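Engineer: Any chance you could fold what I've pasted below:
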Amino acid sequence: MHRETGHVLPWRIEDIDLAGIDRERATANEELLLLLCASSFMESGTHLYASDLSAYFDGDTEVVAWLNDEWKPEELQHGRALKMYIAHVWPDFDWDKAFANFFDEYSTLCNAEAFEKTRALEMVARCVIETSTASLYRAIGKWSNEAVLKQIAGNISADEVRHYKHFLSYFRKYNAIERNGRLAVLVALVRRLVEIKGEDSDVALRHVFAMRYPERGGDSAHNRKIAVRINGQVRRNLSAEMCVKMLLKPLGLPARIVPGVQYPLEKLFQHVFFREYR
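Structural biologist: Now for the predicted structure:
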């Protein structure tokens, strides 16, 4: 149970056997651990974005209550679980210092100007984010051969799918009022999809690299090579078809049209999701 809200979390960190982590298997996959660190930073910074999102939906008690009482606590638990995993596998990694450095920069990037112009379209954008994170953690689970991480990744992915369903239902609620056409919905979807592998994730990876490889002094060529390899592994373990099926739902397309739209959108998803770390 989350202490502040009384919300019963769907799973608990206390029920994960962190002592049972196979450190030899985990440490053998350096690139996966780098990705986990970056993901833990993004998840642990949720409270900053959540406050802006709650302000955007101010006045809708149902949405604001769900964001603050369920979505935010669950996202923050993701960050704590990944942090604890890293602590067991890389005990010398100064997660707190690296996160503080990341957050100093990340906090300057979060602002209300990034939101869509209407509430329905912002819910579409949130569907894109939840689709990508659910897919990422599913890919992490397939990539890893360490049982505890597979469990954590599975838990997080299931949470993100459930969050997606909430945002999709809220989109439908708002769009019944706003009546955005499919073109407007598609534009919002593609816009957020293009932004999804943007500055925020670059910042997270950069601070992970800085803490893990201090002797490299921010060697961008070294970092880029690692990021390309990470992206390649995620690509091999991620189902673009599954992602696109989730992304198409807000469009409400007739069944006969879906096959014609799905393939080009899969290619777009693969291109923007896996473009190189800069």
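
Engineer: ok, and for stretch 143-150, which residues are buried?
Structural biologist: When burial is assessed from 16 or more other Cβ atoms under 10 Å, stretch 143-150 yields the following buried residues: W143, S144, E146, V148, L149. Where you see a C-beta, it was placed from the backbone N, CA and C, and this is true even at glycine.

Engineer: Ramachandran coordinates for the third one?
Structural biologist: If I follow you right, that is E146. For E146, the backbone dihedrals (degrees, to the nearest 10) come out as phi -110, psi 120.

Engineer: who's in contact with stretch 155-171?
Structural biologist: By Cβ atoms under 8 Å, 6 or more residues apart in numbering, the residues outside stretch 155-171 that reach it are 10-11, 63, 66, 71, 74, 78, 81, 120, 123-124, 126-127, 130-131, 133-135, 137-138, 141, 246, 249-250.

Engineer: Give me the PyMOL select line for these, limited to the buried ones.
Structural biologist: One line in PyMOL is enough to select the buried members of the contacts of stretch 155-171, burial here meaning 16+ other Cβ under 10 Å:
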select buried, resi 11+63+66+71+74+78+81+120+123+124+126+127+130+131+133+134+135+137+138+141+246+249+250
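
Engineer: Now intersect the contacts of stretch 155-171 with the helices, please.
Structural biologist: Among the contacts of stretch 155-171, DSSP state H puts 63, 66, 74, 78, 81, 120, 123-124, 126-127, 130-131, 133-135, 137-138, 141, 246 in helices.

Engineer: Poorly predicted segments of this protein, please.
Structural biologist: Along the chain, the parts satisfying pLDDT under 70 run over 1-6, 111-113, 197-200, 269-278.

Engineer: Not counting its neighbours along the chain, what's nearest T46?
Structural biologist: Spatial nearest neighbour of T46, excluding adjacent residues (Cβ to Cβ, 6 or more residues apart in numbering): E75 at 4.0 Å.

Engineer: If you could redo that for F209, that was the one I meant.
Structural biologist: Once flanking residues are discounted, F209 sits nearest to N223: 4.9 Å by Cβ to Cβ, 6+ apart.

Engineer: Ok, L67 next?
Structural biologist: Setting aside the residues directly before and after it, L67 is nearest to S54 in space (Cβ to Cβ, 6+ apart), at 5.3 Å.

Engineer: In the helix or strand hosting the residue nearest to F209, which residues are buried?
Structural biologist: Applying DSSP states H and E as the criterion places N223 in helix 220-237. Within helix 220-237, the residues that count as buried by 16+ other Cβ under 10 Å are N223, I226, A227, I230, N231, Q233, V234, N237.

Engineer: Quick check: the first one touching L205?
Structural biologist: Yes. The pair N223 and L205 qualifies as a contact (Cβ atoms under 8 Å) at a distance of 7.2 Å.

Engineer: where do the helices sit along this structure?
Structural biologist: Ranges of helices within the chain are 23-27, 30-44, 46-56, 61-66, 72-89, 95-106, 119-143, 147-178, 182-195, 199-212, 220-237, 240-248, 258-273, based on DSSP H.

Engineer: Name the residues of the longest one that come out as buried.
Structural biologist: Put plainly, it is helix 147-178. Buried residues in helix 147-178 (16+ other Cβ under 10 Å): 148-149, 151-153, 155-157, 159-161, 163-164, 166-168, 170-171, 174-175.

Engineer: Also the third one?
Structural biologist: Within helix 46-56, the residues scored as buried using 16+ other Cβ under 10 Å are T46, Y49, A50, L53, S54, Y56.

Engineer: Kindly reformat those residues as CSV containing distance to R179.
Structural biologist: Compiled in CSV, the buried residues of helix 46-56 are given as follows (distance: Cβ to Cβ, whole Å):
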residue, distance to R179
T46, 31
Y49, 28
A50, 28
L53, 23
S54, 25
Y56, 20
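
Engineer: of all the helices of the chain, which lies closest to D15?
Structural biologist: Closest to D15 of the helices of the chain is helix 147-178 (Cβ to Cβ; 9.4 Å).
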